[in-house]
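J.: Provided below are the primary sequence and the corresponding predicted coordinates.
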Amino acid sequence: MNLKDQYESLMRKELQALGCNKQLTDNQLKKRDKRDSSITSQIQDYELSLLSNLFYSMTHRLFLQKPREVIKYQGFDDKGNLVGISNLERKIAKGDSLVPHLSKFVFVIDQARNNDPMLNEWSIHHFHIPSSDGNGAFVTRSNDLLFAIVTNEQLIFLDIQPHSDNTGTYEPWVDVQIIEKIEEHYPELLKPHYLGEGRLPFTAEQRQNLRARNCNTTIITTSGKEYRTLSCGSVAAGLPVNSIIKGDMAMNFIEGLSESASNSTVTLSFDDNHNLVAAC
């Protein structure tokens, strides 16, 4: 099997292992790209590159399954979700999969339209915290969500806020008060990103409008302090910048291997962070 076929097979197998049961066919992928087929047909390895970008967009929303320490600041309010939070904490400590607590959009093929700009820009995950898991692949959806930062060793609780409502009067995804929980309780996480102060913060409506257009901005809290984004943001199409970078790096890695070694002597695999590696 040549390197590009190996790469495609690796991605599909990994997605299935992670819980994505939808087969990402080339025809499905092409339907997500609105460019004229006369243009895309001239792009080398177009379908493979598109699959690569979608794969890394999906894995960007996940994290290595392993036991982690739960970090909660003194006075953290579970807002009536003690059972759901306790259940999630047990899973975190044991290293159980937390994918069932994530958005169902994690594995949809149209990652550009159903992206997670809060994660892309602020590096903040959200988890459903129902009192019982239910019987599906995902836990029962809860109105209240836990917002948290995931590191290699820790899962850092920030806040619990309700899911956005139908009236549009509250959108947690642009609520800078969640960032301010970091500023108040975990300032060391923001210190490397500090840019200055005395800035005029965005309104929730302004940030929502920017997010709707996949625009990346700095973070300005109500105190006027300004920080760089905690993650790399989104590209204009909506995919995470990280996913495009990783996808391009993987394709460049394969091209480099193809020039220096016989395809038949190289075996590709992913490391824990889904970087593409090879053994000769």
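T.: The structure has been received and is ready for your questions.

J.: Next secondary structure element downstream of the helix or strand of the chain with the lowest mean pLDDT?
T.: Scoring the helices and strands of the chain by mean pLDDT, DSSP states H and E places helix 37-40 at the bottom, with a mean of 54. Per DSSP states H and E, helix 37-40 leads on to helix 46-60 as the next helix or strand towards the C-terminus.

J.: so where's the chain uncertain?
T.: Low-confidence segments of the chain (pLDDT under 70): 22-43, 166-168, 261-264.

J.: Paired strands for the longest strand seen in it, with orientation please.
T.: When the chain is parsed with DSSP state E, its longest strand is strand 154-162. Counting by DSSP bridges, the strands paired with strand 154-162 are strand 69-71 (parallel), strand 144-150 (antiparallel).

J.: Need the residues that contact the first one.
T.: Spelled out, it's strand 69-71. By C-beta atoms under 8 Å, 6 or more residues apart in numbering, the surrounding residues in contact with strand 69-71 are 89, 92-93, 153-157, 186. Where you see a C-beta, it was placed from the backbone N, CA and C, and this is true even at glycine.

J.: Same check on stretch 90-107?
T.: Identification of contacts with stretch 90-107 by C-beta under 8 Å, 6+ apart yields 15, 18-22, 58, 61-63, 65-70, 88, 114-116, 125-129, 133, 137-139, 155.

J.: Filter those residues down to just the ones in helices.
T.: Judged by DSSP state H, the subset of those located in helices is 15, 18, 58, 88.

J.: Tell me the one of the residues you listed nearest Ser231?
T.: Nearest to Ser231 among the ones in helices among the contacts of stretch 90-107, counting by C-beta to C-beta, is Met58 at 15.7 Å.

J.: Double-check Lys225 against Leu200; I have them as touching.
T.: No: here Lys225 lies out of contact with Leu200, judged by C-beta atoms under 8 Å, at a distance of 11.7 Å.

J.: Who has more neighbours out of those two?
T.: Lys225 (19 against 8; other C-beta atoms under 10 Å).

J.: For the contacts of strand 69-71, work out which two are farthest apart.
T.: For these, the maximum inter-member distance is 19.7 Å, found between Ala93 and Tyr186 (C-beta to C-beta).

J.: And the two? Which one has more around it.
T.: Shown here are Ala93 and Tyr186; by other C-beta under 10 Å, Tyr186 has more neighbours (16 against 13).

J.: Could I get the contacting residues of the more buried one?
T.: Tyr186 touches 71, 73, 149, 156, counting by C-beta under 8 Å, 6+ apart.

J.: again, 10 Å this time
T.: Contact analysis of Tyr186 by C-beta atoms under 10 Å, 6 or more residues apart in numbering lists 71, 73, 149, 156-158.

J.: Buried ones from those residues, can you make that a ChimeraX selection?
T.: Command for ChimeraX, covering only those of those found buried under the criterion 16 or more other C-beta atoms under 10 Å:
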select :71,149,156,157,158
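
J.: Relative to Leu195, which of the contacts of Tyr186 is nearest.
T.: Ile149 (19.5 Å).

J.: Count the residues that sit near Asn114.
T.: Neighbour number of Asn114 under other C-beta under 10 Å is 15.

J.: Next: Asp110.
T.: Using other C-beta under 10 Å, Asp110 is surrounded by 13 other residues.

J.: residue ranges for the strands of the chain, please.
T.: Secondary structure of the chain (DSSP E): strands at 69-71, 125-128, 144-150, 154-162, 194-196, 219-220, 226-227, 267-270, 276-279.

J.: Which strands or helices does the last one pack on?
T.: So the one you mean is strand 276-279. Contacts defined by 3 or more C-beta pairs under 10 Å, 6 or more residues apart in numbering; DSSP states H and E place strand 276-279 against helix 3-18, helix 241-260, strand 267-270.

J.: rerun that using 7 Å as the cut-off
T.: Counting by 3 or more C-beta pairs under 7 Å, 6 or more residues apart in numbering; DSSP states H and E, the packing neighbours recorded for strand 276-279 are helix 241-260, strand 267-270.

J.: Name every strand pairing with the shortest one and say which way it goes.
T.: In this case it means strand 267-270. As assigned by DSSP bridges, strand 267-270 forms pairs with strand 276-279 (antiparallel).

J.: buried sites along the strand it pairs with?
T.: Quick answer for strand 276-279 (16+ other C-beta under 10 Å): 276, 278.
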